[in-house]
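1. model the following, please.
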Amino acid sequence: MSLLENVVLFGRLLRQAGLPVSPDQTRAFGRALDWIDVGSREQVFHTARSFLVTRQEDLRLFAVIFELFWSAHSQGTELRLPRRQPPKADLERRSDLFELIAGRADADAPEVEVGDRAGSFSAAEVLRHKDFSELSEAEREEVRRHIRDIRWRVSRRRSRRLVPNRRGGRLHLRRVLRDAAKHDGTPLRLRHLSRKIKDRPIVLLADISGSMEKYSRLLLHFFYGAIQGLREVECFVFGTRLTRITEHLRVRNLEIAVEQAAREILDWSGGTRIGGSLAAFNRHWGRRLLRRGALVIIVSDGWERGDVSELRREMRYLSHRCHRLIWLNPHLGHPEYQPLVEGMAAALPFIDDFLPVHNLRSLQDLAQALDALPERRGSRAAVHAR
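-> The predicted model follows:
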């Protein structure tokens, strides 16, 4: 068996054991073998571990599988996995594989879990793509746990305040002159300034009307994770009225925080007045929260029971005063969706980013998008692209 075939076989063996090894990782590992001594077991082990293991909990299982694979080839035997098998035969072969791994493991080595984790990995992947409205109660609890694990980061902004920085582009004249005064007027060192880098504030506004009922509770968990993970976050919900829930979600206990926020909301699962709610926000909170280049994120399906012209007017006002206006729509994740409802069509021209928020993957993608936002506000020409 050639070296390339061995590399491919080893990658398949790891995948069968439940390790998330992609074909790109396997190819990168194969290319890296050209730069090491393939006769050195230690070099091959560390190279394979660097390219093929992405989770700390997989390290010990990887070591056992590598030992099995190396020992088999050093004894002149070959491990072959058939390319295509019926599902039943594939399960039997996988069970035999784990028995072989367990049998080859060193008896003195620490206990290693060698159960079939590929099934659980597939189930987790299915859950990432499942619409929030279709989740069972057990799946909802699992999704809540994953939402809590999302790490939120937001793109940063340059404030007007100047701070000392050795690599800054502006001279700190006061310090330069002060140092020069100590050396008979000769400036021996140049001091520099740069603009301070700060996190952008985020304002979250979520629709909790009847049409959003299947998503509202999970959105509160999303809000809670954002507040706990970021510095400057303000949270509001609206149906027929605007309610600020920021302080309720600052409680360290998640369930208590969500229950307190839910009790504060008097119009849960009622009607929708998006324009009136945005008018209340702009009038009472806009000047205070939007003056420092804030990101505004609205979560709604766009169903408007009030005056559409008011919604259009308030969206224009909000768009002009924030750094970026993002609208999350749970229906956008469905391929046949078109933003044809009157409220959504009225809001769309003022939106910078129009994104889905219908499953766990969409929230994870949102977290990555917030971290990668450009410093300058660009054109809105691409907001309709999915």
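
2. contacts, neighbours, all on C-alpha from now
-> OK.

3. give me the mean pLDDT for stretch 353-365.
-> Across stretch 353-365, pLDDT averages out at 91.

4. could you give the separation of that stretch from the chain centroid?
-> 9 Å (CA atoms, centre = their mean, to the nearest Å).

5. and it, end to end?
-> The first residue of stretch 353-365 is 13 Å away from its last residue (CA to CA, to the nearest Å).

6. same check on stretch 312-330?
-> 21 Å.

7. residues in contact with residue 167?
-> Residues in contact with residue 167 (CA atoms under 8 Å, 6 or more residues apart in numbering) are 192, 193, 194.

8. again, but for residue 150
-> 225, 364, 367.

9. ok, back up a step: which one of the contacts of residue 167 sits closest to residue 155?
-> When those are compared for distance to residue 155 (CA to CA), residue 194 wins out at 18.0 Å.

10. residues touching the helix or strand harbouring that closest one, excluding its own?
-> Per DSSP states H and E, residue 194 falls inside strand 192-199. Strand 192-199 is contacted from outside by 154-172, 231-232, using CA under 8 Å, 6+ apart.

11. chain center to the helix or strand following that strand: distance?
-> Next helix or strand after strand 192-199 toward the C-terminus (DSSP H and E): strand 202-207. Relative to the centre of its chain, strand 202-207 is centred 17 Å away, using CA atoms, centre = their mean.

12. strand 202-207 - contacts with which helices or strands?
-> helix 213-229, strand 233-238, strand 295-299 (3 or more CA pairs under 8 Å, 6 or more residues apart in numbering; DSSP states H and E).

13. what do you get if the cut-off is 6 Å, keeping everything else the same?
-> Judged by 3 or more CA pairs under 6 Å, 6 or more residues apart in numbering; DSSP states H and E, strand 202-207 is in contact with strand 233-238, strand 295-299.

14. need the ones you listed in a markdown table with mean neighbour count, distance to residue 25 and mean pLDDT, can you?
-> A markdown table is the format used below for the helices and strands packed on strand 202-207 (neighbours: other CA atoms under 10 Å; distance: least, CA to CA, whole Å; pLDDT from 0 to 100):
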| stretch | mean neighbour count | distance to residue 25 | mean pLDDT |
| --- | --- | --- | --- |
| strand 233-238 | 23 | 38 | 91 |
| strand 295-299 | 22 | 36 | 94 |
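
15. can I get these in TSV including distance to residue 18?
-> Formatted as TSV, the helices and strands packed on strand 202-207 follow (distance: least, CA to CA, whole Å):
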stretch	distance to residue 18
strand 233-238	38
strand 295-299	36
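
16. which among those is found nearest to residue 307?
-> strand 233-238 (15.5 Å).

17. Provide a list of residues in contact with residue 162.
-> 193, 194, 195, 196 (CA atoms under 6 Å, 6 or more residues apart in numbering).

18. buried subset of these as a ChimeraX selection?
-> Here is the ChimeraX command that selects the buried residues among these (16 or more other CA atoms under 10 Å):
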select :193,194,195
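
19. low-confidence bits of this protein, can you list those?
-> Within the chain, the segments meeting pLDDT under 70 span 1, 72-124, 156-158, 160, 197, 252, 254, 266-267, 269, 375-386.

20. does the residue lying closest to residue 229 once chain neighbours are set aside count as helix, strand or coil?
-> Closest residue to residue 229 apart from its sequence neighbours, by CA to CA, 6 or more residues apart in numbering: residue 152 at 5.6 Å. Under DSSP: H, G, I helix; E, B strand; the rest coil, the three-state class of residue 152 is coil.
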